[in-house]
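# When you get a sec, could you give me coordinates for this:
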Amino acid sequence: MFDRTRIDGLSSVACADALVASVVAQRRLGAERLALAAHWADLHAPVDETEVGDDWTVHRTRTQTRYLPGGSDGTPEISEFAGDELGALLQLTTGSANRLLRDTLDLRHRHPRLWAAVMTGQVDDWKARRVSSATASAGLTREQALDVDRRTAAALVGLPFSRAMDAVAAEVINADPEGYERRRDGEGQRRYVGTGRRSNNHGLRTLIAQTTAGDVARLDAMITHVAQLLLRAGDSASVDHRRATALGLLANPALACLFIAQSAVQADTPHVADEPEPKPETGEQAAEHEAAPPTAPQLAAAFGRVLARLGAKALDGLRPRAVLYLHLAEEALQGGPGCHVVRAEDHGPLSVRQLREWLSTTWGTDHVEVRPVLDPGGITPLDGYEVPSRLREALQLASPFEVFPYGTLASRHADLDHTVPYAGLRARPPDDHPPPGQTRLENLGPLGRGHHRAKTMGGFTLHQPLPGMYLWRTPTGHWFHVDNQGTRPLGRRTPAVLEQLRGRASTVTASRLDTAFAELVLAA
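Next up, the predicted model:
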């Protein structure tokens, strides 16, 4: 992409000049991309006509395509499918492409001064997008955003970014003080518990929660209490590590109560180092202590003692259930060279050793159920439209994510789409039954609702010449190859496997279609 040897030979002065020039070049490219995105939005404005290409036709009518505001208040409408193709062309997800369109239209129509600064190379495109996003997330009207733009555009040119954003934040409040107070009050009521999208490279994952201060205080106190009991029981890890272990134990309330009850039995055990020694109670303090309601640890200990008397069967009925989907090679279990990685759905990659640690239990009561491995090749095709659970499971394991270019939606949260549309309601054989074998692995693929509409109404075409090989053609004629390894752009030329199929179409019968595809690919 560039001549590294030329860079290695630069002097200090020449290197400094090149760095200054790189700022100009980077801003020029950023401005050009925003200008192209704006033009792409204009090309996808509402129309009532038929656009005809060399060998394809896109029907864009209001009855087929929804037109929605491309950004915030004051921006024009664009086609619902504009972001689908733009993302594929830029090798982005559809969500990222839609955000690019939103920020671009917001800048052009709500921040004209800042837009001009980007187009003239005075401000980086990413900084401008942060400003437009700030006014959009605050729900400002176009007039309010124009006022923010008038007051802050110069700051983005002359100030460091953090100071410029402070000025933007202040003007967002000034533009709509009542709205700011409503957002602040609403934020105070927003409660949630969420997880990081994936585990990190060490198999750890982040848990994020926001709730009332009282609930946080109670949960923190219980975590602290269990962490202290763990230390008393012999866990010598750091305080933070024990607190994390305590949180994991609290995920199984019944088991946590048993642990607290067992710890409470040893009332004479000396307190540990990080627990202060209690002072002797006076008579009044003892009486007040007896009259006080039981604490959460005391209630948990009492419940744990009841569970202990009920036995293991009762405890098993209270155990939380979780399903973990793992993808690994047989060689990984046998310790083969170069096979040490397991992919856990919704968690990311982990080592085989981590897998063993996950499946083993610290507390001795977890139950692991190993389900049989599915053989996709042994699943019989079906005539009906509905996808049975066994076929659905096989497809989701074969394609962990939706099969749209650069898709990120997990297949377990997507719909299963028939690559060749199901013909149950049309083109029926004379005996009034749907054509046989339409619902099969090689004619299915997971797709999100928006991408399914793009395939059905947005001018995208899809071929699946082999199970798991998805060949997409965008409305403007660009091809993409999608499989479980990712997305590869193929340019505008029709893939060779489809060209070969067309050449042999007259000799291939419907019953031999799958075999013919396999022969063509193997021959290539």
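
# per-domain residue ranges of the chain.
Per automatic domain parsing, the domain ranges recorded for the chain read 21-188, 376-493.

# Any idea which of these gets closest to Val226?
With CB to CB as the measure, domain 21-188 is the member of those nearest Val226 (29.3 Å). (Each C-beta comes from the backbone N, C-alpha and C, glycine too.)

# if we can go back for a sec, just send the domains of the chain back as TSV, with mean pLDDT, distance to Thr245 and mean neighbour count too.
TSV is the format used below for those (pLDDT from 0 to 100; distance: least, CB to CB, whole Å; neighbours: other CB atoms under 10 Å):
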stretch	mean pLDDT	distance to Thr245	mean neighbour count
domain 21-188	88	32	17
domain 376-493	81	29	17
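
# what's the closest of those domains to Ala256?
The minimum distance between Ala256 and these falls on domain 376-493, with 29.3 Å, by CB to CB.

# what separates Arg110 from Ser133, distance-wise?
11 Å (CB to CB, to the nearest Å).

# again, but for Arg151
From Arg151 to Ser133 the distance is 17 Å (CB to CB).

# cool, Ala82 as well?
With CB to CB as the criterion, Ala82 and Ser133 are 19 Å apart.

# Could you do Leu229 as well?
46 Å.

# repeat for Arg412
Distance from Arg412 to Ser133, by CB to CB: 30 Å.

# so what does the helix or strand encompassing Leu501 touch, helix or strand wise?
Element membership for Leu501 (DSSP states H and E) is helix 496-503. Here helix 496-503 touches strand 461-466, strand 469-473, helix 513-523, going by 3 or more CB pairs under 8 Å, 6 or more residues apart in numbering; DSSP states H and E.

# and the nearest residue to Pro112 once chain neighbours are set aside, what does it touch?
Closest residue in space to Pro112, ignoring its immediate chain neighbours: Asp149 at 6.6 Å, by CB to CB, 6 or more residues apart in numbering. If you count contacts by CB atoms under 8 Å, 6 or more residues apart in numbering, Asp149 has them with Arg110, His111, Pro112, Arg113, Leu114.

# Can you tell me which of the residues you listed comes closest to Leu29?
Comparing those against Leu29 with CB to CB places Leu114 closest, at 17.9 Å.

# wait, doesn't that closest one sit right on Thr104?
No. If you go by CB atoms under 8 Å, Leu114 and Thr104 don't touch, sitting 11.8 Å apart.

# Name the residues linked to the closest residue to Pro46 other than its chain neighbours by a beta bridge.
Once flanking residues are discounted, Pro46 sits nearest to Tyr67: 4.6 Å by CB to CB, 6+ apart. Judged by DSSP bridges, the bridge partners of Tyr67 are Ser79.

# Got the phi and psi for Thr141?
phi -70, psi 170 (degrees, to the nearest 10).

# now Leu444, which residues is it bridged with?
Residues in beta-bridge contact with Leu444 (DSSP bridges): His418.

# Touching, Ala97 and Gly83? I think so.
Yes. Using CB under 8 Å, Ala97 makes contact with Gly83 at a distance of 4.2 Å.

# For the helix holding Leu501, give the mean pLDDT please.
The predicted model assigns helix 496-503 a mean pLDDT of 82.

# relative orientation of that helix and strand 461-466 in degrees?
For helix 496-503 against strand 461-466, the angle by axes from the mean of the first three to the mean of the last three CA atoms, to 10 degrees is 90 degrees.

# ok, the residue nearest to Leu207 when sequence neighbours are not counted - contacts?
Take Leu207 and drop its neighbours on the chain: the residue closest to it by CB to CB, 6+ apart is Thr195, 5.7 Å away. When contacts are counted by CB under 8 Å, 6+ apart, Thr195 touches Arg205, Thr206, Leu207, Ile208.

# and those residues, which of them are in strands?
In strands, judged by DSSP state E, the following of the contacts of Thr195 are found: Leu207, Ile208.

# Adding distance to Tyr422, pLDDT and neighbour count as columns, could you present the contacts of Thr195 in a markdown table?
Converted to a markdown table, the contacts of Thr195 look like this (distance: CB to CB, whole Å; pLDDT from 0 to 100; neighbours: other CB atoms under 10 Å):
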| residue | distance to Tyr422 | pLDDT | neighbour count |
| --- | --- | --- | --- |
| Arg205 | 39 | 83 | 14 |
| Thr206 | 42 | 86 | 11 |
| Leu207 | 42 | 86 | 10 |
| Ile208 | 41 | 87 | 9 |
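
# so where is the stretch 251-400 of the chain shaky, pLDDT-wise?
Within the stretch 251-400 of the chain, the stretches with pLDDT under 70 are 263-297, 299-300, 304, 307-308, 310-325, 327-341, 344-350, 354, 357-388.
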